[in-house]
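A.B. asks: next come a sequence and a model predicted from it.
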Amino acid sequence: MIKNLEKYFDRLWPINRSITGPGFRESLDILSEIIPMERMFFKTGQKVFDWVVPKEWTIRDAYFIDPKGKKHAEFSKNNLHIMGYSTLFKGTISFDEFKKHIYTIPHMPEAIPYVTSYYNEKWGFCISQNEFDTLSDGEYQVYIDSDLFDGTLEIGEAVIPGNTDKEILFSTYLCHPSLANNELSGPLVMAFLYQRLVKMHSRKYTYRFVMLPETIGSICYLSKRGKHLSKYLIAGYIMSCLGDTGNFTYKKSRQENSLGDKAAQIVLKSTKNKYSIISFNPADGSDERQFCSPGFNLPVGSLMRTIYGMYPEYHTSLDNKDIISFKALEESVEIYYLIVKALEWNKKLISNIQYCEPHLGSRGLYPSVTNSYTWKDDFSAIKWILNYSDGKNDLFNIAEKSGCRIDTLLKAAQKLLNADLIKEVA
Amino acid sequence: MIKNLEKYFDRLWPINRSITGPGFRESLDILSEIIPMERMFFKTGQKVFDWVVPKEWTIRDAYFIDPKGKKHAEFSKNNLHIMGYSTLFKGTISFDEFKKHIYTIPHMPEAIPYVTSYYNEKWGFCISQNEFDTLSDGEYQVYIDSDLFDGTLEIGEAVIPGNTDKEILFSTYLCHPSLANNELSGPLVMAFLYQRLVKMHSRKYTYRFVMLPETIGSICYLSKRGKHLSKYLIAGYIMSCLGDTGNFTYKKSRQENSLGDKAAQIVLKSTKNKYSIISFNPADGSDERQFCSPGFNLPVGSLMRTIYGMYPEYHTSLDNKDIISFKALEESVEIYYLIVKALEWNKKLISNIQYCEPHLGSRGLYPSVTNSYTWKDDFSAIKWILNYSDGKNDLFNIAEKSGCRIDTLLKAAQKLLNADLIKEVA
Amino acid sequence: MIKNLEKYFDRLWPINRSITGPGFRESLDILSEIIPMERMFFKTGQKVFDWVVPKEWTIRDAYFIDPKGKKHAEFSKNNLHIMGYSTLFKGTISFDEFKKHIYTIPHMPEAIPYVTSYYNEKWGFCISQNEFDTLSDGEYQVYIDSDLFDGTLEIGEAVIPGNTDKEILFSTYLCHPSLANNELSGPLVMAFLYQRLVKMHSRKYTYRFVMLPETIGSICYLSKRGKHLSKYLIAGYIMSCLGDTGNFTYKKSRQENSLGDKAAQIVLKSTKNKYSIISFNPADGSDERQFCSPGFNLPVGSLMRTIYGMYPEYHTSLDNKDIISFKALEESVEIYYLIVKALEWNKKLISNIQYCEPHLGSRGLYPSVTNSYTWKDDFSAIKWILNYSDGKNDLFNIAEKSGCRIDTLLKAAQKLLNADLIKEVA
């Protein structure tokens, strides 16, 4: 998988994505080779809740020439140089006027910042502070060849049906230009997770995958699917910042204790690595803010690695291939897959023998000779399941109480089902 | 305010206060210049719950003369020298007999202790251990010119009416003689807080201020106002130990989570200083023990600085002007004022847009150009309020969840009300 | 008591106990001198829940002779040498075959392990690794003179009736051969606790004491008494590992917050020593696993010292008189006695004066002269009881809230009952 991840990363990397436009479309097309997505379309000017679908943006070329005749900020070399949604401008202006259109990061003098202005028609260039410091007074020739026009915003969606109408959602965003961890990592992990899930023999739940432009995309999406999700969604995850080698962080849904929240935490606890759990926070983050707006309050959290704003390269030209690891991306796919497995296998069980322990030895589940050196983890799991399968607790509750790994519990539960010692509660 | 605080401190300091008598009355008179109080009267012998109003006490002079003819413990020099409520005694007694009437603090040899005997007719002198060590065997001439007689116990009360009949109570005690932190600080802070509140343009709540003798005073007061307070009180505070420069300590009411408890904790959290929160404890403390007796169980806590018994000068002659700060007293007024503001402004709000976030940019509440360096605290507060204003949470809940400062939240709420994005829940 | 404890220990020590058989019976007989027990009988083959009562086991002698003619593993010297429930075998076998029947502890080369095979007919010897290392290839003469036959499993039970039909249970197990801490300590502590309780003047609760073989014994017992206990049991304790000098550990019942759980924790908190509280855990432990099986879910915890598996000598020949202390055993009796006292004395009280504090001085419960140096613990307890005796809290709740020692609270409650300031809630 690692090679494939890198191959797709390299194809997607140079494309200039934004919340609309040809770059977003092309990226969806490429990813559809792995995860075949249907398209949803929203027309410019369409009202979606409190928002309006913006114009579509196309950029062909952009740069500026300094008084000495040197060319700077060439869009063709790095698409971060042009502020997202910059309007068409071709002309010559004074340095004083021009400076108002320049964005740099003074404390990271080598980095080009990532800046956008979706809802206010402006133009701007993003350059490193070092480059800015070479500029001097005089006349600047500006060339921005872009269009803003009534078009469409697009969303890609794929569904893998399950045996019930209960659904699990994965959502990610594809609107960032050449930025690696935040955010080509999310779409890549989603695509390869899809590959894993579609190969599962059968599925209890229906899986829904969405790739959209951040914020406005999830608002558009909810205008179409919000009602449906309110009815069927039991767990959801925003996939973001999944490419670096940092520890995992799970940001809980606004519900704080949904099945999805439990699944993510139980799986993280079953790994050997450190991880962090953070509460829902509407003040920063990504599309979970829309899914978890009070009217919807959907069980949507976010499993990430080092989160947005917590690594210095975030939203700069330094968030590139150097800071991500394809092995880490593969691990991210794997951990999401473990969450799916945990959700699929979680059950409320009831022991057939409620009074005293069952006699395990006669069922081959207990060593015939007892000394204190024959203990095993899976035997512990068997005892926990038997005692707490009282019709009230599911395996997630038992995992929380016992501290047993969820995979060990799943194996033990299967043994006990085979031995007819427990049965599933309807 | 600092100058004024000191001026009143200096006038009140030398007066010999007790739970009844002319010193208490004179102190009430002086404080009434700042906070005009009505008087309540309780006659000696009147039954108040399980207690009986004690006799009134007057002391004109007291001292004793040692065998060498030296005069000691002159009341006219320090009113702590005479045990509170000492009975009249004039005569000569042996050292052995006399010693039973002397109180010192062996481990603080320079301090005169503060001792009383309200409910047991006795007499006594309080002197430093150093002074005691100079005394030798022989005859002692004792002179205590005091009276205990059927009189009245008085309480001062002031009310600032509000727009609703819900009430907030401030109670302090004025029965300590020349002692500074515990307790001239409480009455001074109350008087100057009154000045702040009476100048507020309008008030949602009615504010009730009470100055009384400790314990018996609050019991008398509750015999008159207990029923009323049970009906209308939403928050109350015992003002005590507010003059030193230590960190604040909030002792919660017996209810543990009343509106008043939340307000105090949220305001403390919004300051930059360390503070402590302690649980309700009926075993020590002050009048909150009466307000929080199980039958009343009123929402009365206590916001203090270094609490009684936690500073070595407590209840000794060393609790004097040297250990208090008028700047600290002013800060104590200020923090109580912030609590009032928090209570006044706390509201349960509901967002007009419940589905997805509102579009803040078009309302001037969001920077038009988005990069990761434009973040501000008040923007965070806006997001928290919008998401959690679901008709269930008030601003206090949002402060607890978000960790935002309450003043930042109040400002943000105002912006959102102005922008018609939220409205108050009736 | 210490001398007596040692005397009984020495008499019980050499007896070869197992879950059935003459050793178990003889041990019950000896302990019945201190705690007169009635016997319950369960016949081989009888079905008890999911289990079947096993055959009765008798062993007369056992040893083996190595190729050099040396005698090893003589049962008459140490009864741990023979695996519990070893079947009769007399014959000569090769070393390779013989090795399958040998149990050692490689990482504790001097210890003989304690091994059993109750439900699988086998034979085996337990020797030290050091002894095993002296054995060489060749023919081994094995001599095991034992019987497995249809007999009975026995349980001893004693009851001290109380004034109500609510019951407190103590259960311990007597099925271990010559092992000291785990487990002659439990039966010894139980027997001497019985002596203490039977001498109490009167008892609110009925006390039930049970000595049984571990696991199968408690299952048999519950088949007879389960229904009764479900109706009447309010607290129960498995007595085990009570002889070493380690700190106490309380393992909570599955209910987690039963009256018995509270009593044990409150008493431990009132001692000066460190202790641990652990949650219920069905994966290891002793008979609480049966009492706390989901169908019964009885309030049965376990107060121990260093628990099974947490000391290296556990289930080896090193768990002998050297690692226990008769003083520690006496302390264990004492702490169980304190738990009984706490349970007996715990009451829900209500203050006769609910509005304001009562006037304690006039009842001799408050120092007549008040200064800040007259404070006492029991005065604190008085205040806590008065304030929280609102008809909702019992003394256990007040102990938890106040942090007062339970014995101090009991004394204070008695004073308040005498002063007619509180009364018991029916």
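C.D. replies: Everything's here; your move.
A.B. asks: hmm, which helix or strand of chain A has the shakiest average pLDDT?
C.D. replies: Lowest by mean pLDDT, DSSP states H and E among the helices and strands of chain A is helix A:377-388, with a mean of 90.
A.B. asks: quick one: low-confidence parts of chain A?
C.D. replies: Applying pLDDT under 70 to chain A flags residues A:368-377.
A.B. asks: just to revisit the earlier point, contacting residues around the least confident helix or strand of chain A?
C.D. replies: A:349, A:351, A:353, A:357-358, A:360, A:365-366, A:395, A:397-398, A:401-402, A:404-405, A:408-409, A:411-413, A:415-416, A:421-422, C:254, C:282-284, C:289, C:292-294 (CB atoms under 8 Å, 6 or more residues apart in numbering or on different chains). Where C-beta positions appear, they are placed from N, C-alpha and C, glycine not excepted.
A.B. asks: give me the buried positions along it.
C.D. replies: A:379-388 (16 or more other CB atoms under 10 Å in any protein chain shown).
A.B. asks: which of the contacts of helix A:377-388 fall in strands?
C.D. replies: A:349, A:351, A:422 (DSSP state E).
A.B. asks: what about chain C: which of these touch it?
C.D. replies: With CB under 8 Å from any CB of the partner chain as the criterion, the ones in strands among the contacts of helix A:377-388 include A:Ser351 near chain C.
A.B. asks: could you dump the ones in strands among the contacts of helix A:377-388 to a markdown table with neighbour count?
C.D. replies: Conversion of these to a markdown table gives the following (neighbours: other CB atoms under 10 Å in any protein chain shown):
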| residue | neighbour count |
| --- | --- |
| A:Leu349 | 24 |
| A:Ser351 | 22 |
| A:Ile422 | 23 |
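A.B. asks: which one among the ones in strands among the contacts of helix A:377-388 gets closest to C:Pro113?
C.D. replies: A:Ser351 (31.9 Å; CB to CB).
A.B. asks: and the closest residue to that closest one other than its chain neighbours, what does it touch?
C.D. replies: Once flanking residues are discounted, A:Ser351 sits nearest to A:Ser389: 4.5 Å by CB to CB, 6 or more residues apart in numbering or on different chains. For A:Ser389, the contact set (CB under 8 Å, 6+ apart) comprises A:349-351, A:398, A:422, C:294.
A.B. asks: ditto for A:Ser325
C.D. replies: A:243-245.
A.B. asks: all strands of the stretch 151-300 of chain A, in order?
C.D. replies: Here the stretch 151-300 of chain A has its strands, by DSSP state E, counting those that start in this stretch, at A:152-160, A:167-173, A:206-212, A:233-238, A:248-251, A:275-278, A:300-304.
A.B. asks: can you check which of the ones you listed gets nearest to chain C?
C.D. replies: Shortest distance between chain C and the strands of the stretch 151-300 of chain A, using CB to the nearest CB, is found for strand A:275-278: 20.8 Å.
A.B. asks: hang on, the earlier thing: if I look at the residue nearest to A:Ser351, how far off is A:Ile234?
C.D. replies: 21 Å (CB to CB, to the nearest Å).
A.B. asks: pretty sure A:His315 sits against A:Glu183.
C.D. replies: No - using CB atoms under 8 Å, A:His315 is not in contact with A:Glu183, being 9.8 Å away.
A.B. asks: for the lengthiest helix in chain A, C-alpha coordinates in CSV please.
C.D. replies: Criterion DSSP state H: the longest helix present in chain A is helix A:326-345. Only the C-alpha atoms of helix A:326-345 are listed here, as CSV (Å, rounded to 0.1, in the frame of the first residue of the first chain):
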residue,chain,number,x,y,z
PHE,A,326,3.9,7.0,3.8
LYS,A,327,4.3,4.4,6.5
ALA,A,328,2.4,6.8,8.8
LEU,A,329,-0.3,7.2,6.2
GLU,A,330,-0.6,3.4,6.0
GLU,A,331,-0.9,3.2,9.8
SER,A,332,-3.6,5.8,9.7
VAL,A,333,-5.5,3.6,7.3
GLU,A,334,-5.0,0.7,9.6
ILE,A,335,-6.2,2.4,12.7
TYR,A,336,-9.4,3.6,11.0
TYR,A,337,-9.8,0.0,9.8
LEU,A,338,-9.5,-1.2,13.4
ILE,A,339,-12.2,1.3,14.4
VAL,A,340,-14.5,-0.1,11.7
LYS,A,341,-13.8,-3.7,12.9
ALA,A,342,-14.5,-2.7,16.5
LEU,A,343,-17.8,-1.1,15.5
GLU,A,344,-18.7,-4.0,13.3
TRP,A,345,-18.0,-6.6,16.0
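A.B. asks: what residues sit buried inside it?
C.D. replies: Across helix A:326-345, burial judged by 16+ other CB under 10 Å covers A:326, A:328-345.
A.B. asks: starting at the chain centroid, how far to that helix?
C.D. replies: With CA atoms, centre = their mean, to the nearest Å as the basis, helix A:326-345 stands 12 Å off its chain's centre.
A.B. asks: got the residues of the stretch 301-426 of chain A near chain B?
C.D. replies: Looking at chain B, the residues of the stretch 301-426 of chain A close enough under CB under 8 Å from any CB are A:309, A:314-315.
A.B. asks: meant to ask about chain A, not that
C.D. replies: So chain A meets chain B at A:48-52, A:83, A:103, A:105, A:113-120, A:122, A:124, A:215, A:218-219, A:222, A:226, A:254, A:279, A:281-284, A:289-290, A:292-297, A:309, A:314-315 (CB under 8 Å from any CB).
A.B. asks: let's see it at 6 Å
C.D. replies: A:49-51, A:113, A:115-117, A:119-120, A:219, A:222, A:282-283, A:290, A:293-295, A:315 (CB under 6 Å from any CB of the partner chain).
A.B. asks: can you say which of these are buried?
C.D. replies: A:49-51, A:113, A:115-117, A:119, A:219, A:222, A:282-283, A:290, A:293-294, A:315.
A.B. asks: among the residues you listed, which ones are in helices?
C.D. replies: A:219, A:222, A:290.
A.B. asks: tell me the contacts of the second one?
C.D. replies: Going back to what we said before, that points to A:Leu222. A:290, B:356 (CB atoms under 6 Å, 6 or more residues apart in numbering or on different chains).
A.B. asks: mind listing what the residue most central in space within chain A touches?
C.D. replies: Central residue of chain A (CA atoms, centre = their mean): A:Met239, 0.8 Å from the mean position. With contacts defined as CB under 6 Å, 6+ apart, A:Met239 is in contact with A:170, A:172, A:186, A:189-190.
A.B. asks: closest point of the stretch 1-150 of chain A to chain C, which residue?
C.D. replies: For the stretch 1-150 of chain A, CB to the nearest CB, closest residue to chain C: A:Met1, 36.8 Å.
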